[in-house]
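> How does the following fold in three dimensions:
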Amino acid sequence: MNDGTITLPWLVIRQDDNGNRYRVGRYATRAEAQKIADSLDARGHKQLYWVERIGQNGVSSAD
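Prediction:
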């Protein structure tokens, strides 16, 4: 980006046992987001974690 803003297009999403979804964080790279998702998943809780990318239109999509 030329305007000096930082782009964090990768999201880590958590879904709990009741189907509620929460954004855990935003990250600059897919690798960074996946590392966080994997470390949270390794804790052994029943929550589900995954990585999504925010598109240019602001909509996230599973990747």
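> Do you have the helices of the chain handy? List them.
Secondary structure of the chain (DSSP state H): helices located at 30-41.
> Tell me the spacing between the residue nearest to the spatial centre of the chain and residue 28.
Centroid-nearest residue in the chain: residue 12, 1.7 Å away (criterion: C-alpha atoms, centre = their mean). From residue 12 across to residue 28, the span is 12 Å (C-beta to C-beta, to the nearest Å). Glycine gets a C-beta too; all of them are placed from N, C-alpha and C.
> do the same with residue 50
To residue 28, residue 50 is 18 Å away according to C-beta to C-beta.
> Can you pick out the residue with more neighbours from these two?
Per other C-beta atoms under 10 Å, whichever of residue 50 and residue 28 has more neighbours is residue 50, with 16 against 12.
> Does the more buried one touch residue 37 like I think?
Yes: using C-beta atoms under 8 Å, residue 50 makes contact with residue 37 at a distance of 6.3 Å.
> Find the residues that touch each one of those two.
Common neighbours of residue 50 and residue 37, counting by C-beta atoms under 8 Å, 6 or more residues apart in numbering, are residue 12.
> any idea of the pLDDT on residue 60?
Residue 60 is assigned a pLDDT of 64 by the prediction.
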